[in-house]
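K.L.:
just the structure for this:
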Amino acid sequence: MTTGKGSVTVVGGGLAGCEAALQLADRGFDVTLYEMRPEVTTGAHTTGALAELVCSNSLKSEGEETASGVLKKELHALGCRLLAAAEECRVPSGSALAVDRELFSAKVEREISARSNIKVVRREITDFPPAPAIIATGPLTSGALARKIAEKTGSERLYFYDAVAPVVDADSVDMTKAYFGGRYGKGGDDYLNLPMNKTEYEAFYEALVNARTVVLKDFERKELFEGCMPIEELASRGKDTMRFGPLRPVGLRNPVTGESAYAVVQLRRENAAGNCFNIVGFQTNLTFGEQKRVFGLIPALAHAEFLRYGVMHRNTYIKSPETITYGFRLKGDEAYYVAGQLSGVEGYVESIMSGLIAAVNLARELDGEAPAVPPVTTVTGALSRYVVECEGDFQPMNANFGLLPFAEGVGKKERKKYYHDRAVRDIMQFASDTRFLP
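P.N.:
This is a model prediction of the structure:
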């Protein structure tokens, strides 16, 4: 495993770490990729596979009118490796990109193994390795390394709590009380809809808000992340809150009866075989027994077999505006970069993006070139700048159009298309000007 261009260490075999390792290898560097699993596991992972998707299997919308869709187009222009792998492992999910998580992990592992200049080491890293290195240990960074990161960055470790949705066996869903169909007729049979009438919904609501949860301390409850709110927390905000969120019935109508429902729970395929589904938007901290009891009040799930119960876990991230500079580089003389959710981006594709940007900029630094960060008119550039420039209370951030410069003089109806067209144009120009691709 010697290319003569130099050696780089990547710590963490998640989405960001795998993307970073592939980018560095393709640029001629020898990469040692450390992953502590399966030797040391976490409270949320279930396998030792690289690039394991812990929460949902959805990489969000591909629509041009969404920031997530624009981000995907930008990453394609920048030569993203994992996004291409995800598209080969997709399962039906309407306008979203969802994957068979096992096939996806296997695909990424094959991509890693195919590079003779990547060596995978299954061992926990408890301190910073010698530079140059990328730390991409994710939201479930082990305690020992997290303490070293806090020491090195000089800032108090921050965190929020994240929750995972349950997965049920497809054969255990009562199909007489469910129907396939996308919202407003889009997406064919990508989602399985579980309708409830008002009486059924109110019984479910009452049981949910009074159900037993895994006990959180008061300070922990304050750290819940709005972008992944447990369903019981959402319900506690009001009886109809869920009906304006993940259980909204708008745009859904039973294709046989033509009826609309009072509330609709949606299931999304978890794998290509279609033999299991996750309950969309049902991240939860209910005890396992309560999940079976309360979610069983949804008529179609009365006899559901749970293949995975929902869990809650701590997500660790650094105070990036105080500790990193552009391109996800830690401040200081040594070439250390941080990528993934540890850096303060939130979401699968956002993590992949940060691994790509960190790897390319580390490669550029080692080659004596200036950093290269896409312009703020792109979702990639805006999010990369957010983690550096955010003022006030720093919170993990998903891709969103609110990060982009406002489109002055563009009408509301045309604004999203304008953001899309501007971002695609500018990312292509950036890639060409900076010779970004290997």
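
K.L.:
what segments of the stretch 51-200 of the chain are helices?
P.N.:
67-77, 82-88, 101-114, 143-153, 198-209 (DSSP state H, counting those that start in this stretch).

K.L.:
neighbouring contacts of the second one?
P.N.:
The contact list for helix 82-88 (Cβ atoms under 8 Å, 6 or more residues apart in numbering) reads 15, 18-19, 22, 51, 59, 72, 75-76, 97, 99, 104, 107-108, 111, 349, 352, 355. All C-beta atoms are positioned from the backbone trio N, CA, C, and that covers glycine.

K.L.:
how far out from the middle of the chain is that helix?
P.N.:
Here helix 82-88 is found 14 Å from its chain centre; the criterion is Cα atoms, centre = their mean, to the nearest Å.

K.L.:
also the fourth one?
P.N.:
Relative to its chain's centre, helix 143-153 lies at 23 Å (Cα atoms, centre = their mean).

K.L.:
repeat that for stretch 138-150.
P.N.:
The chain centroid and the centroid of stretch 138-150 are separated by 19 Å under Cα atoms, centre = their mean.

K.L.:
report the buried residues of that stretch.
P.N.:
Gly138, Pro139, Leu140, Thr141, Ser142, Leu145, Ala146, Lys148, Ile149, Ala150 (16 or more other Cβ atoms under 10 Å).

K.L.:
run through who's touching it.
P.N.:
By Cβ under 8 Å, 6+ apart, stretch 138-150 touches 11-12, 14, 16-17, 36, 40, 42-45, 54, 124-128, 135, 137, 156-157, 162, 313-318, 340-342, 351.

K.L.:
extract the CA atoms of it and return them as CSV.
P.N.:
Presented in CSV, the C-alpha positions along stretch 138-150 are these (Å, rounded to 0.1, in the frame of the first residue of the first chain):
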residue,chain,number,x,y,z
GLY,A,138,-19.6,10.7,14.1
PRO,A,139,-22.3,11.5,16.6
LEU,A,140,-21.5,8.4,18.7
THR,A,141,-17.8,9.2,19.2
SER,A,142,-16.4,7.0,22.1
GLY,A,143,-15.9,8.7,25.4
ALA,A,144,-12.1,8.5,25.4
LEU,A,145,-11.7,10.1,22.1
ALA,A,146,-14.4,12.7,22.8
ARG,A,147,-12.5,13.8,25.8
LYS,A,148,-9.3,14.2,23.7
ILE,A,149,-11.3,16.2,21.1
ALA,A,150,-12.6,18.5,23.8
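
K.L.:
all further residue positions should be reported with the first residue as 312.
P.N.:
Sure, I'll start counting at 312 from here, so that last one is stretch 449-461.

K.L.:
enumerate every residue touching Tyr502.
P.N.:
Taking Cβ under 8 Å, 6+ apart, one finds Ser404, Gly405, Phe491, Gly492, Gly493, Arg494, Gln577, Leu578, Arg579, Val591 in contact with Tyr502.

K.L.:
sorry, back to before: which among the helices of the stretch 362-511 of the chain is found nearest to Val684?
P.N.:
helix 378-388 (12.3 Å; Cβ to Cβ).

K.L.:
helices and strands around the closest one, which ones?
P.N.:
Judged by 3 or more Cβ pairs under 8 Å, 6 or more residues apart in numbering; DSSP states H and E, helix 378-388 is in contact with strand 369-372, helix 393-399, helix 659-677, helix 690-700, helix 723-744.

K.L.:
any idea which of the ones you listed is most buried?
P.N.:
The highest mean neighbour count among the helices and strands packed on helix 378-388, using mean count of other Cβ atoms under 10 Å, belongs to helix 659-677: a mean of 27.

K.L.:
circling back: between the helices and strands packed on helix 378-388, which gets nearest to Ala572?
P.N.:
strand 369-372 (22.6 Å).

K.L.:
contacting residues around the closest one?
P.N.:
377, 379-380, 383, 394, 397, 404, 406-410, 579, 658-660.
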